Every structure is written in structure tokens, then in C-alpha cells.
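> Pasted the sequence and its predicted model underneath.
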Amino acid sequence: MERTIVQPRFKDSPHFINFWESGNGKQLIEFSGASVSFKEFETFSPFFYHVDEAGDEVVKDVYYTKKFHEASREIEHYIRNGVSETDAVPESVKKLFTQTQQIPEWLDYNLLKCGAELCMRSNLDSLISLRDYCLIGGYDYAYLNKPLIATEALKKGAVKRLSETLDFWVNVTRYHALELHAKGYEFAVKTRLIHSYARLSIKKHYKGWDTENWGEPINSWDMMATYIGFSLVFLHSLKKLGNTFSAEEEYGIFHLWKYVGYLLGIPEQLLPDDKKQATEFFYLWTSVQPPSDKDSILLAHSLLNESLENPILKFEFQRKNLRYLHICCTWFLLDDEVCKRLQIPEVSNKKLFPKSKILFNTIYDKLVSRDARIKRGNKDQMKVLEDYLNITKNSNFH
């Protein structure tokens, strides 16, 4: 079957125009100095039907030939000990690990360190940004969410999903995390194989998958957009919440996620070096995404109500208050139009908490040294992760 040529089919739709001419898209252009156009569209659009075949072949050769726990143990052995040309392992394993063990010429360890430091230094604002801008904002792109729906992520529940995202994000953003065989490297390779496993499962079991409109499941172009969420959108959110960062820290964030993307098998030409490039890449991708649908609304509400379901906070009033604060941040960080599409509840005094955060960050920035903030942020983020892991490991969240 001949594949349909992808068109920027939503470029004249109100949701696309409003986002880029008056919403957060306009702010991203101002923030980055980007020059957006459709000149490069045909360079990027084929990636809508492109996937990580190297990862898929490893899943077929390892996970499909033995019990899941045995396959997982085998992969962990390769990650921790490395794979050489002479090892008696499947060719697909050699191919994938030859790539991940090959340090790209462009990799700069100092920039990785700067990116990690900004992630830690921004403390809980990093986690607010990930949750209330990057994650929930991503739900507005209806086709991007289809793999989550196909793999029944809603049944798994938002607590578990959030715990997994947090576990990945924290572990790839610490000092030395991405060195070969280190924990962040391990998380990147495992996540890559989880994506392949999910993609092959969707293609095998989900008969309703609409490849022509939705692209391949977990395709390379969607992966690019997801990682632009972790870099460009994340930085924009920190800025909105009153955080400052140096040019080196900013480049560091893009460099860190470029390398994580490389380990995940995203083609290098899709991995932006800076905010200008990221905005221009993101502009093209958003033109093939329709706005929220009913699945988007279900995902958004599942995330909002996570605070009520999560037993980390003991009392109901604390959980309700936390949900209220996340709703305030969502309204503050996302466009009103997006919030209305996702049916984010209206709450009173919704600007109070975000505005007080900005004031706090302005003062905190002046009073506390950078090193102390990095140390404190790392400690606080690790504590949140520990709480989530305890909940999901020791309870009925499955």
C-alpha cells in the first residue's frame, strides 16, 4: 500500500492559528527568536511513519523468545556490562548496543552537567512544569495520545503513570547519570525497549489503529515532540514561574535531552540544539495534530484527580488542596483555550499561587547560593520520587 504524503492539514485550523498567533506558541517564538514557516515540512513529515526498527528487532529477538522476566534480566546484563562484537548475542542486540555505546562526537559532558544542575536547581518548579505544562499540555494533541489509549494507560491509573515518568526524568537528570552503564543510561535504553514493545503490541492487537492519520504508533516525529516538551516547553514553564537561568544552563538542557533522545533511538536530525531550532521543529509537528478529543479530556482529568487518589498525603483536605494548586498552575501555564478544551475546572483566585511562586523565586534567587539550591532541589526531588515509588510498589496500584 502506498503511504499517503503527510500534509500540514491543521495549519488553517483555529486551534493552530490561535496557539501560534496569540497563545503559548507566540510566546515560544518570542522566547526563542524562532522564524517559523513550512519550508522544511517535507524534510520532517516522513518521520510520522518512521520508527526505531533497531529497538523493535531486539524486542522480537529477546522478549518474544523467552519469559518476560528472563528477557528483562538479559537486557539488564547487556546494559550494565556492555556488548562487544565478539559476544554470542543476537545481531539485533549488537546493532542496538553498538549505537548506544558509541559516544557521539558532539557530546559535551560539561553541558550535560549544566542541564542536570538546572533541573535540580529548579526544585519543585521542575516537577510542576513537567506535570502542569508539559504532560497536561501534551494531552491537547489528540493523535499524540493515541498510543496511551491503545495500551489502556487509563486503566493503569495516573498515579502509576506519573510515578514512571518521574522515575525516568529524575534518573536521567542527575550528575553523571548518562555515562555508559550508569542509571540514566539504563533508564534510557529500557524506555526505548518499552516503546518498541508497546508499538509492536499495538500493531498486533489494536485493530483500530489509523496509521494514515495518526502515524505509526510511537513514531519518531511524535518522539521528537515529546522530548521538545522536556526541553523547550520545560524551560518556558520555568521562566513563566519566575526562574532565571544562564545561557549555558539553557544550552545544557537541550544538550541533555539531545543525548537522551540519541540513546532512545530518535534520529539525530530531529534533535534540536537550542530553543530557536526546537520552536521551528515544534511548529511543523503541531500542524499535523488536531486539538483535544474525548480521550484527551479523560487523560487530563485522570491526571488532575491523581492528587485525590494518591495516598502520599494523609488527609483528604491536603489532597484537595494539592489538586487545587495544580489546577491553578495549569490555568497559569497553559492557554485558556487549551484549558477549556481539556475541561480544566474553574477555581477561585487561580492566579494567587503562581504569582506568589514568582515572588518567592525572585527572593530565593537572591538569598540562596546556586550550589545550595542544586543540593536542596536534588534532595527534594529525590524525596518526591521515593514517596511515589513507595506508594506504587507497596500498594494495589497496578
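Cool, the structure landed. From a predicted model like this one, the values you see are computed outputs, not experimental measurements.
> For the strand or helix carrying Lys366, list the C-alpha coordinates in PDB.
In the assignment (DSSP states H and E), Lys366 maps to helix 352-367. The C-alpha trace of helix 352-367 is given here as PDB (Å, rounded to 0.1, in the frame of the first residue of the first chain):
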ATOM      1  CA  LEU A 352      -2.700  33.700  43.600                       C
ATOM      2  CA  PHE A 353      -0.500  30.600  44.000                       C
ATOM      3  CA  PRO A 354       1.500  31.000  40.700                       C
ATOM      4  CA  LYS A 355       2.100  34.800  41.400                       C
ATOM      5  CA  SER A 356       3.300  34.000  44.900                       C
ATOM      6  CA  LYS A 357       5.600  31.400  43.400                       C
ATOM      7  CA  ILE A 358       7.100  34.000  41.100                       C
ATOM      8  CA  LEU A 359       7.700  36.400  44.100                       C
ATOM      9  CA  PHE A 360       9.200  33.600  46.200                       C
ATOM     10  CA  ASN A 361      11.600  32.600  43.300                       C
ATOM     11  CA  THR A 362      12.700  36.200  42.900                       C
ATOM     12  CA  ILE A 363      13.600  36.500  46.500                       C
ATOM     13  CA  TYR A 364      15.000  32.900  46.900                       C
ATOM     14  CA  ASP A 365      17.200  33.500  43.900                       C
ATOM     15  CA  LYS A 366      18.900  36.500  45.600                       C
ATOM     16  CA  LEU A 367      19.300  35.000  49.000                       C
END
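> pLDDT (mean, whole number) over whichever helix or strand comes after it?
Reading on from helix 352-367 to the C-terminus, the next helix or strand found by DSSP H and E is helix 370-393. If you average the pLDDT over helix 370-393, you get 95.
> And for stretch 190-203?
In the prediction, stretch 190-203 has an average pLDDT of 97.
> Dump that stretch to PDB, keeping only the CA atoms.
In PDB, the C-alpha atoms belonging to stretch 190-203 read as follows (Å, rounded to 0.1, in the frame of the first residue of the first chain):
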ATOM      1  CA  LYS A 190      14.900   0.300  28.900                       C
ATOM      2  CA  THR A 191      12.500   3.100  28.000                       C
ATOM      3  CA  ARG A 192      13.500   2.700  24.300                       C
ATOM      4  CA  LEU A 193      12.600  -1.100  24.500                       C
ATOM      5  CA  ILE A 194       9.400  -0.300  26.400                       C
ATOM      6  CA  HIS A 195       8.400   1.900  23.500                       C
ATOM      7  CA  SER A 196       9.200  -0.800  21.000                       C
ATOM      8  CA  TYR A 197       7.300  -3.400  23.000                       C
ATOM      9  CA  ALA A 198       4.300  -1.100  23.200                       C
ATOM     10  CA  ARG A 199       4.500  -0.300  19.500                       C
ATOM     11  CA  LEU A 200       4.600  -4.000  18.400                       C
ATOM     12  CA  SER A 201       1.700  -4.800  20.800                       C
ATOM     13  CA  ILE A 202      -0.400  -2.000  19.300                       C
ATOM     14  CA  LYS A 203       0.300  -3.200  15.800                       C
END
